[in-house]
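>>> Need a 3D model of the following:
(one chain, ligands or ions: 2)
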Amino acid sequence: METELISLCSTDADLETRLTPAAEVIKRGGLVVFPTETVYGLGADATNKEASIKIYEAKGRPSDNPLIIHIADPKEAERYAYTSEAYYRLAENFMPGPITVVMPVKDTIPRTTTGGLDTVAVRCPLSPIARALIRLSGVPIAAPSANRSGSPSATSLSHVVDDMYGRCDIIIDGGESEIGLESTIVKIDGNDSLTLLRPGEITPEQLREAGFRVSVSSAVLSALKEGEKPLSPGMMYKHYAPKSPLFLLDGDIEGQLKYVKNENNSSSLLITYSEYVREAREELVGVEVYDFGSIYDKKGQAKRLFALLREADKHSFLNIYAPLPDRCGIGLALYNRMIRAAAYKIIKV
Ligand code: TXA
Ligand code: MG
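Numbering: from 1, shown residues only. Ligands and ions are numbered 1, 2, ... in the order given. The predicted model follows:
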């Protein structure tokens, strides 16, 4: 398939005109990769059964793993889901923004889009490019992250090109993703209670401040037990795994450096906070060291994580070591992505 590339900036005066060809592709059932504030999405008309099947094929994704539908205005959810007071409270507090809400689905959305479930995940992104594209297309856009199944989500043009060039009609380049981790996903359980299915930039603390009781799905913090079915099908699949084995080190920097030094002296990679990069390079001869960002800047770490994992994949490191993040604030999202990338290998140092 031939892929066309369009580079855009959200402040472009002629944004709508330049997005028109992409909207036409969506209308006729094609595939468009587009930027959002979280990660890039691989989009198609969510109301078109054949179009959503194309997404699964292009991604290499199992067809029982449902897609998020993207809307341009929170009120549009009415057409596709049975909304509630809780939905509108979430919308008022967090939309447009990096949050996805799971609700009972209406029959305007085909079951291919929802992976056969009777619920649908709805998200109104903050990105002006994403919302303009949805508006111009006139339909909700179903979009998983624009990576091949099993790879880290794409947060820049080069990631998208590596994974999706030749597999979609158009790629819209909107620069580096602002947040770099996928949206927070919640399921509405009652008027004031939610289950957190996937942590993201919007934290449980913020959801509680908005008046919700929040329970955290067990799949967020640990591996599923044998035979256990997750509330979010995506949690079942191996995710974000780099090619070399990743180990998360639980302990202070001295312990981490000592551990890596004793374990091996070459061909491995240590991902560490900016504050420790110099010390790590001096201590660990032959070990590659990547800068994860300041220990105080979790947003910066979130933005870098997937790019670092993708960079690591270009080399054949014996092992990769990274610090185990704490679970406060956006740390919970980092923790969730990293324990899965590490296939739950945590070492106390
Ligand atoms: O930030 C994001 O959410 C990005 C951008 C493109 O919007 N999208 C994204 O989509 O991360 P995806 O498909 O890579 O991840 C969506 C997750 C999957 O794990 C899927 O299983 C879950 O959402 N999901 C979708 N519909 C669901 C539903 N009805 N019930 C429970 N989980 C659902
Ligand atoms: Mg994904």
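>>> rest of the way, CA atoms for contacts and neighbours
OK.
>>> Spell out which parts of the chain neighbour ligand 1.
Taking C-alpha under 6 Å from any ligand atom as the test, the list of the chain residues beside ligand 1 reads 38-41, 65-68, 102, 114, 119-121, 143-145, 182-183, 231-235.
>>> Filter these down to the buried ones.
Among the residues of the chain next to ligand 1, the ones that count as buried by 16 or more other C-alpha atoms under 10 Å are 38-41, 65-68, 102, 114, 119-121, 143-145, 182-183, 232, 234-235.
>>> what's in contact with the helix or strand bottoming out on mean pLDDT in the chain?
The element with the least model confidence among the helices and strands of the chain, by mean pLDDT, DSSP states H and E, is helix 218-221, at a mean of 91. Under the contact criterion C-alpha atoms under 8 Å, 6 or more residues apart in numbering, helix 218-221 has outside partners 197, 198, 199, 224, 230, 235, 335, 336.
>>> Among the residues you listed, name the ones in strands.
Among these, the members falling in strands are 197, 198 (criterion: DSSP state E).
>>> The contacts of helix 218-221: which two are farthest apart?
By the measure C-alpha to C-alpha, 230 and 335 form the most distant pair in these, at 18.0 Å.
>>> Neighbour count: the two, which is higher?
With neighbours defined as other C-alpha atoms under 10 Å, residue 230 and residue 335 compare such that residue 335 has more, 21 against 16.
>>> hang on, the more buried one packs against residue 322?
No - under the criterion of C-alpha atoms under 8 Å, residue 335 makes no contact with residue 322, lying 11.2 Å away.
>>> what about the closest residue in space to residue 152 that isn't next to it in sequence, neighbour count?
With sequence-adjacent residues excluded and distances taken as C-alpha to C-alpha, 6 or more residues apart in numbering, residue 152 is closest to residue 240, at 4.2 Å. Other residues within reach of residue 240, judged by other C-alpha under 10 Å, total 22.
>>> heads up, I number from 825, so please use that
From this message on, residue numbering opens at 825, which makes the last subject residue 1064.
>>> What residues does residue 1064 make contact with?
Applying C-alpha under 8 Å, 6+ apart to residue 1064 gives the contacts 974, 975, 976, 977, 1130, 1161, 1164, 1165.
>>> min pLDDT across the residues you listed, which one?
In terms of pLDDT, the least confident member of the contacts of residue 1064 is residue 974, at 84.
>>> Quickly find the element holding that residue.
For residue 974, there is no helix or strand it lies in under DSSP states H and E.
>>> shouldn't it be in contact with residue 1065?
Yes - proximity of residue 974 to residue 1065 meets the contact threshold set by C-alpha under 8 Å, at 6.7 Å.
>>> in the chain, which spans are helices?
With DSSP state H as the criterion, the chain has helices at 839-851, 873-883, 909-918, 952-961, 981-988, 1028-1033, 1042-1045, 1077-1087, 1098-1107, 1122-1136, 1155-1165.
>>> Return the member of those having the minimum mean pLDDT.
For the helices of the chain, the stretch scoring lowest in mean pLDDT is helix 1042-1045; its value is a mean of 91.
>>> Can you give me the buried ones in that one?
Of the residues in helix 1042-1045, those buried under the neighbour-count criterion (16+ other C-alpha under 10 Å) are 1043, 1044, 1045.
>>> Below-threshold pLDDT in the stretch 925-1074 of the chain: ranges please.
Flagging of the stretch 925-1074 of the chain using pLDDT under 70 yields the residue ranges 1059-1063.
>>> Would you mind measuring from residue 1090 to residue 1066?
The gap separating residue 1090 from residue 1066 is 18 Å, by C-alpha to C-alpha, to the nearest Å.
>>> Neighbour count: the two, which is higher?
Applying other C-alpha under 10 Å to residue 1090 and residue 1066 shows that residue 1066 carries more neighbours, namely 21 against 16.
>>> so that one touches residue 1132, yeah?
No - counting by C-alpha under 8 Å, residue 1066 sits too far from residue 1132 to count as a contact (9.8 Å).
>>> ok, back up a step: specify which member of the contacts of residue 1064 is nearest to residue 1080.
The shortest approach to residue 1080 among the contacts of residue 1064 belongs to residue 1165, at 18.7 Å (C-alpha to C-alpha).
>>> How about the residue most central in space within the chain: what's its closest non-neighbour residue?
Geometric centre of the chain, nearest residue: residue 1006, 2.5 Å, by C-alpha atoms, centre = their mean. Sequence neighbours aside, residue 862 is the residue nearest to residue 1006 in space, at 5.2 Å (criterion: C-alpha to C-alpha, 6+ apart).
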